[in-house]
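Asker: one predicted model, sequence on top.
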Amino acid sequence: MEILMSVVVGILFMVGTYLILTKSLLRIILGTGIISHGVHLLLLTMAGLKTGAPPLLGENAALYTDPLPQALILTAIVISFGVTGFFFVLAYRAYKELGTDDMDKLRGNDHE
Amino acid sequence: MNNLVVLPIVLPILTGIILIFFRNQIGLQRWISFISLLFLIGLAANIVQQVYVDGIQTLYLGGWLPPFGIVLVADMFASLLVLTTAIVALSCLWFSFRSIGIEREKHYYYPFFHFLIAGVSGSFLTGDIFNLFVFFEVMLISSYVLIVLGATKIQLRETLKYLLVNIVSSALFVASVAFLYAITGTLNMADLSVRVAEVGQTGLLNVVALLFLVVFGLKAGLFLYFWLPGSYSAPPTPVAALFAGLLTKVGIYAIFRTFTLIFYHQPGITHEVMAWMAAATMILGVIGAIAFSDVRQVLAFNVVAGVGFIIFGLAAFTTASFQGAIFYLIHDMIVKALLFLLGGAVIGIAGTSHLKKMGGLIKYHPSLGWMFFIAALALAGVPPLSGFIGKLLIVQGGLTAEFYWITGISLATSLLILYSIIKVFMHAFWGETKLSPKEEKGSEKGLLAPCAILVFLSFALGLGADYLYPYIEVAAETLMDPSIYIQAVLKE
């Protein structure tokens, strides 16, 4: 299972990197979203997949699952959700003001 | 347990929330912001003194004991930086009153200013590596808003890049935390230090350490600074000054914390890499500073060169170089903010940021000119001012650690930095006066007082170094000997 998850994480990173390297702004944003999904899965996998009972008081089991990674992932998801939302709004505004979503045309150091 | 430790985070957040309710009362917003920052300075000074007298102060959030819960730790290094942050923030805030413009003030400039301060203080004070990530994000999200607020074309364009770089580096940050958690099974920095020492910093942990170096290097502009000059020249002056004074410094702090507390066992690998990255940063930064003839670009590249210098102090890994790096870090926060503020005032008056188009400002603006000159000398490290002692100690530490080449590079860099900044001074203030007082695009009214605070501090740090030195000594000692930190947090 861990091997499968690692492969999935690798594919997500690959797709995300490819998308970020494209010119279109919308694809770049989708790329950041996919990379952050990859990172969250990585965090889940690295901390160990399900190995025992839920960590609840009163439940008698030899092994408990570590609940911490889920808490961390939840935090990371909330943050990446907020940032992605901001990125979309920013991209829309930038598209309206600058008239392009092509990153090639957004380079340059000339000052207005 | 000391509840005072959490206040530098809670106070700005509360202030920010309160300010949201007074959107249209600009005067009130200014007063509340100003008073809140004055309180913050008092608080931070109080914490510094307590740490000096009683040792490291900690707070277990929610009452959860250390390896399990989140812990806030105020050691001398962190609390000195919180104090400097508060002072730099106060002068940037004061500068904003006259220069930021009413539209930005109405659109929640001050609330986000305070949220940014909360993020910066939180990053300094936290003792948990995942919590460090969260405070980084608090700081970064506020910075995204501040950098784009006003939405001019150049701001929108540069924010897109700034946002993308930071999202990618944050993703890498979480990934490296995941690897670290898989190997050690803990997130508390003191506990991490203990466990890494137990298992030994071998192959896999070295990889994780270098991954952290890349992540924090991106945030601090250490070698991976390609995003910095563009982003720092886009926003209005007080925001740029705040970024130059605080944001990269948080990255530098994170490098210091992880590589003195957790990954300090293999300096032959990690610190060697760091030293050469620092050398490359200094060289490339100073080349940029000399090559450009735009005030904002010159100043932004100066930030880059400064980062290299401080990290070299860490890489040399001796007590003297640590003391020097801490001293220089504090000096750099003050002087970089000062230079950005003064540069902004110059641009405001001349109406252009291009050096060749301005000149002779000293005729009508003598005090601005003299302040700029003093700031330039402080930056280069001319003796009575604050940069000198830090540079002296770093060079001394570098020579002790037998980094002869890089020490040479750092000295040459200082000289070229002086050249680049004096070039700005000569073009802007000397020569033929191009604008009569009537033709000037802006005025310096109300802008000089906040700069004067920082000029005074630069003098005070240089002349009063004897009084500051015991505090620096304590801070460097804690960094040099991780067991002091571990003892204070875990109380074994």
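Answerer: Nice, I can see it. Quick caveat: nothing in here was measured; it's all calculated off a predicted structure.
Asker: who's in contact with residue 23?
Answerer: Assuming you mean chain A. By CB atoms under 8 Å, 6 or more residues apart in numbering or on different chains, A:Lys23 lies in contact with A:Asp102, A:Met103, A:Asp104. In short, each C-beta sits where N, CA and C put it, glycine included.
Asker: right idea, wrong chain: chain B
Answerer: Residues in contact with B:Arg23 (CB under 8 Å, 6+ apart) are B:Lys106, B:Tyr108.
Asker: and it, helix, strand or coil?
Answerer: coil (DSSP: H, G, I helix; E, B strand; the rest coil).
Asker: inside strands: which ones of the contacts of A:Lys23?
Answerer: Under the assignment DSSP state E, these contribute nothing to strands.
Asker: please check those residues and keep the buried ones.
Answerer: For the contacts of A:Lys23, a burial check counting by 16 or more other CB atoms under 10 Å in any protein chain shown picks out A:Met103.
Asker: confidence score at the nearest residue in space to A:Asp104 that is not next to it in sequence?
Answerer: Sequence neighbours aside, A:Lys23 is the residue nearest to A:Asp104 in space, at 5.4 Å (criterion: CB to CB, 6 or more residues apart in numbering or on different chains). A:Lys23 is assigned a pLDDT of 91 by the prediction.
Asker: just the closest of the contacts of A:Lys23 to B:Phe403, please.
Answerer: Closest approach between the contacts of A:Lys23 and B:Phe403, by CB to CB: A:Met103, at 39.5 Å.
Asker: ok, A:Gly82 - contacts?
Answerer: Taking CB under 8 Å, 6+ apart, we find A:Gly82 in contact with B:Ile141.
Asker: tell me which parts of chain A are close to chain B?
Answerer: Within chain A, the residues that sit near chain B (CB under 8 Å from any CB of the partner chain) are A:20, A:25, A:28, A:32, A:35-36, A:38-40, A:42-43, A:46-48, A:68-69, A:72, A:75-76, A:79-80, A:82-83, A:86-87, A:90-91, A:93-94, A:97-98, A:103, A:106, A:109, A:111-112.
Asker: hmm, back to that, of the contacts of A:Lys23, just say which sits nearest to B:Leu149.
Answerer: A:Met103 (22.5 Å).
Asker: got phi/psi on the residue nearest to that closest one when sequence neighbours are not counted?
Answerer: Leaving aside its sequence neighbours, A:Met103 sits nearest to A:Lys23 (CB to CB, 6+ apart; 5.0 Å). Dihedral pair for A:Lys23: phi -90, psi -30, per degrees, to the nearest 10.
Asker: what does A:Asp101 give?
Answerer: phi -120, psi 20.
Asker: now it. Nearest residue, chain neighbours left out?
Answerer: Closest to A:Asp101 by CB to CB, 6+ apart is A:Leu25, at 4.0 Å.
Asker: from B:Cys92, how far off is that neighbour?
Answerer: For A:Leu25, the distance to B:Cys92 (CB to CB, to the nearest Å) stands at 31 Å.
Asker: comparing the two, which residue is more hemmed in?
Answerer: B:Cys92 (28 against 23; other CB atoms under 10 Å in any protein chain shown).
Asker: and the strand or helix carrying the more buried one, how far from the chain's centre?
Answerer: In this structure, B:Cys92 sits in helix B:76-99 according to DSSP states H and E. Counting by CA atoms, centre = their mean, to the nearest Å, helix B:76-99 is centred 10 Å from the centre of its parent chain.
Asker: got it, and stretch B:359-377?
Answerer: 25 Å.
Asker: for it, C-alpha coordinates in CSV please.
Answerer: Written as CSV, here are the backbone C-alpha positions of stretch B:359-377 (Å, rounded to 0.1, in the frame of the first residue of the first chain):
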residue,chain,number,x,y,z
GLY,B,359,20.1,65.1,-9.0
GLY,B,360,21.0,67.9,-6.6
LEU,B,361,18.3,67.1,-4.0
ILE,B,362,20.7,68.1,-1.2
LYS,B,363,20.1,71.8,-2.0
TYR,B,364,16.5,71.7,-0.7
HIS,B,365,16.6,68.5,1.4
PRO,B,366,19.8,68.6,3.4
SER,B,367,18.5,66.5,6.3
LEU,B,368,17.3,63.8,4.0
GLY,B,369,20.7,63.8,2.3
TRP,B,370,22.6,63.5,5.5
MET,B,371,20.4,60.7,6.8
PHE,B,372,20.9,58.8,3.6
PHE,B,373,24.7,59.3,3.8
ILE,B,374,24.7,58.0,7.4
ALA,B,375,22.6,55.0,6.5
ALA,B,376,25.0,54.2,3.6
LEU,B,377,28.0,54.3,6.0
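Asker: thanks again, I'm all set now.
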